[in-house]
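Asker: Have a look; sequence and predicted model below, questions after that.
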Amino acid sequence: MAKPRLETAIPLQIDRSMDPKLAGEFAKQLDASGVVDHIMVWDQLVGWFPSSLWQPENTPLAAVMADADSFADVFVLGGITSASSDLGIMVATDCVRRGPAELTQPMLTLAGATKGKAILMLGAGEQKQCRPFGYKRAEGLDRMEDFFEINKRLTGATAPFDYQGRHTNYRSAYIGQAATHRPRVHALGGGPRLLEMAAKYADGYSFAVPCVFSTPEEFHKVATELREDVERNGRDPDAFEFNAWFVTWIHEDPEVLERAKQNKLMKWAAAVMGRIDQQKWLAEGIEPAFPVGWHYAVKLIPTEVTSEDAEAVIERVSPEMVGKAFYQGTPSDIAAQVQGFVDAGLTQASIIDYLPTMLPLEEQLTAMARSVEVCRILKERNG
């Protein structure tokens with residue numbers, strides 16, 4: 001089988017302090033580039049940073065955004081972008097806060113609006129999204145399996161059906177059979193059971209790098225095993241997709257990149273998510289800022305982190321750690337790093353540039369051009 005065409009994505013960075021219609025203008029710009037396939041949005045109620053760190057000395061955005069937690073609704077934004085452009089939409093959410101029918105219906109709508117270019121990336125949930133709002137994150141993997149089983153039935157049912165699940169029970173459930181297109185569904189995250197469900201049910205697997213896989217070789221090993229499991233389940237491994245979120249700093253000036261290593265927001269991000277498995281830091285000769293076994297999705301609730309707690313974590317983050325938590329360099333440098341994963345089997349590359357958080361406000365809009373340039377280089381190399 002021929003090597004699949006590489007798809008690219010760039011995230012939409014709009015919060016409720018902005019007019020949501022700006023999402024349409026953003027989509028038009030990316031669409032006009034001709035090298036971006038999807039806009040990516042993540043379904044968050046609260047962000048990753050303690051409020052004590054969201055200060056002007058750490059980010060110029062603090063002057064115009066009161067906090068890092070005022071997220072806009074992803075399905076509203078997806079509707080705006082799909083009405084404004086021909087781009088696809090990637091939605092990252094969890095299976096705890098929205099039920100299977102409540103996720104399937106809007107994704108079917110977005111799949112119709114994008115002519116089939118809609119991808120749902122489904123995770124098992126984050127504690128920061130769950131416990132403060134009355135949800136149980138521990139139910140995540142069971143609810144994910146319920147979703148996969150129900151989603152298959154909801155999108156294929158021609159009559160009402162019953163379902164007795166682990167946490168979800170349906171009686172005479174039916175949302176109709178009309179669908180011009182169907183969304184693709186990826187398992188998002190990691191762990192043996194999630195990968196097992198991905199191989200059995202999903203259209204693909206989404207993950208972050210270097211947070212989950214720090215090298216193409218590490219990814220290739222897992223991808224090879226996952227493709228084998230897909231085939232053992234009687235499914236086509238060549239149709240299975242791999243989407244990596246590349247966590248980056250993109251800039252031409254090495255001094256800007258060096259200064260970023262001292263930024264408290266970036267130090268916090270490196271400590272929390274630089275390596276999801278804290279044990280991996282030890283394997284690289286770096287002492288983790290959190291105990292081995294600590295996992296941000298299970299433990300982190302930023303609204304409960306005091307300024308003293310945040311500073312104590314930051315003090316344990318070395319410049320070497322923060323440097324290894326982000327792919328960094330010029331657009332050509334980043335594209336070369338992404339290409340290693342493409343050669344190892346990646347089918348979709350989502351370019352997430354954290355550096356604009358630290359840049360002067362007047363550079364915020366122009367910074368996106370660097371991510372677009374990464375996509376252009378990748379398209380030229382991969383067709």
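Answerer: Structure's in. What do you need?

Asker: pLDDT (mean, whole number) over the lengthiest strand in the chain?
Answerer: As assigned by DSSP state E, the longest strand anywhere in the chain is strand 241-250. In this model, strand 241-250 has an average pLDDT of 98.

Asker: continuing past it, what's the next helix or strand?
Answerer: Downstream of strand 241-250, the first helix or strand assigned by DSSP states H and E is helix 254-260.

Asker: which intervals of this protein have sub-threshold pLDDT?
Answerer: 1-4 (pLDDT under 70).

Asker: Please enumerate the strands of it.
Answerer: Along the chain, counting by DSSP E, strands occupy 7-11, 38-42, 88-94, 118-123, 161-164, 169-173, 184-188, 204-209, 241-250, 327-329, 348-353.

Asker: for Arg376, what are its contacts?
Answerer: 33, 35 (C-beta atoms under 8 Å, 6 or more residues apart in numbering). C-beta: built from backbone N, CA, C; applies to glycine.

Asker: thinking again about what came up before, elements contacting the longest strand of the chain?
Answerer: strand 184-188, strand 204-209, helix 216-232, strand 327-329, helix 331-343, strand 348-353, helix 364-382 (3 or more C-beta pairs under 8 Å, 6 or more residues apart in numbering; DSSP states H and E).

Asker: change it to 7 Å
Answerer: In terms of contacts (3 or more C-beta pairs under 7 Å, 6 or more residues apart in numbering; DSSP states H and E), strand 241-250 is packed against strand 184-188, strand 204-209, strand 327-329, helix 331-343, strand 348-353, helix 364-382.

Asker: and the closest residue to Gly99 other than its chain neighbours, how far is that from Asp146?
Answerer: The shortest distance from Gly99 to any residue other than its chain neighbours is 6.6 Å, reached at Thr168 (C-beta to C-beta, 6 or more residues apart in numbering). Thr168 sits 4 Å away from Asp146, going by C-beta to C-beta, to the nearest Å.

Asker: Common neighbours of the two, please.
Answerer: Residues touching both Thr168 and Asp146 (C-beta atoms under 7 Å, 6 or more residues apart in numbering) are Pro100.

Asker: returning to that earlier point: would you list the strands of the chain in TSV and tack on distance to Cys375 and mean neighbour count?
Answerer: Converted to TSV, the strands of the chain look like this (distance: least, C-beta to C-beta, whole Å; neighbours: other C-beta atoms under 10 Å):
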stretch	distance to Cys375	mean neighbour count
strand 7-11	4	23
strand 38-42	10	23
strand 88-94	13	26
strand 118-123	16	26
strand 161-164	41	12
strand 169-173	40	13
strand 184-188	19	25
strand 204-209	16	23
strand 241-250	11	24
strand 327-329	14	21
strand 348-353	6	25
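
Asker: Would you mind giving the ones you listed as CSV with distance to Val64 added?
Answerer: Formatted as CSV, the strands of the chain follow (distance: least, C-beta to C-beta, whole Å):
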stretch, distance to Val64
strand 7-11, 19
strand 38-42, 20
strand 88-94, 25
strand 118-123, 29
strand 161-164, 46
strand 169-173, 45
strand 184-188, 30
strand 204-209, 27
strand 241-250, 21
strand 327-329, 25
strand 348-353, 18
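
Asker: what ranges do the helices span in the stretch 1-150 of the chain?
Answerer: Listed in chain order, the helices found in the stretch 1-150 of the chain under DSSP state H, counting those that start in this stretch are 22-33, 74-84, 100-113, 127-130, 140-154.

Asker: out of the ones you listed, nearest to Tyr296?
Answerer: Among these, the nearest to Tyr296 by C-beta to C-beta is helix 127-130 (8.3 Å).

Asker: isn't Val35 right up against Lys379?
Answerer: Yes - Val35 lies in contact with Lys379 (C-beta atoms under 7 Å); the separation is 4.6 Å.

Asker: These two - which one has more neighbours?
Answerer: Higher neighbour count among Val35 and Lys379: Lys379, with 19 against 16, using other C-beta atoms under 10 Å.

Asker: Tell me which residues touch the more buried one, please.
Answerer: For Lys379, the contacting residues are 8, 35, by C-beta under 7 Å, 6+ apart.

Asker: what sits against the residue lying closest to Ala68 once chain neighbours are set aside?
Answerer: Once flanking residues are discounted, Ala68 sits nearest to Gly47: 4.1 Å by C-beta to C-beta, 6+ apart. Counting by C-beta under 7 Å, 6+ apart, Gly47 touches 68-69, 302.

Asker: Could you rerun that using 8 Å?
Answerer: If you count contacts by C-beta under 8 Å, 6+ apart, then Gly47 has 67-69, 71, 302 around it.

Asker: ok, now Leu282?
Answerer: When contacts are counted by C-beta under 8 Å, 6+ apart, Leu282 touches 288, 292.

Asker: Any idea which of the strands of the chain gets closest to Val76?
Answerer: strand 38-42 (9.7 Å).

Asker: Check which helices and strands the closest one is in contact with.
Answerer: Under the contact rule (3+ C-beta pairs under 8 Å, 6+ apart), strand 38-42 is packed against strand 7-11, helix 22-33, helix 74-84, strand 88-94, strand 348-353.
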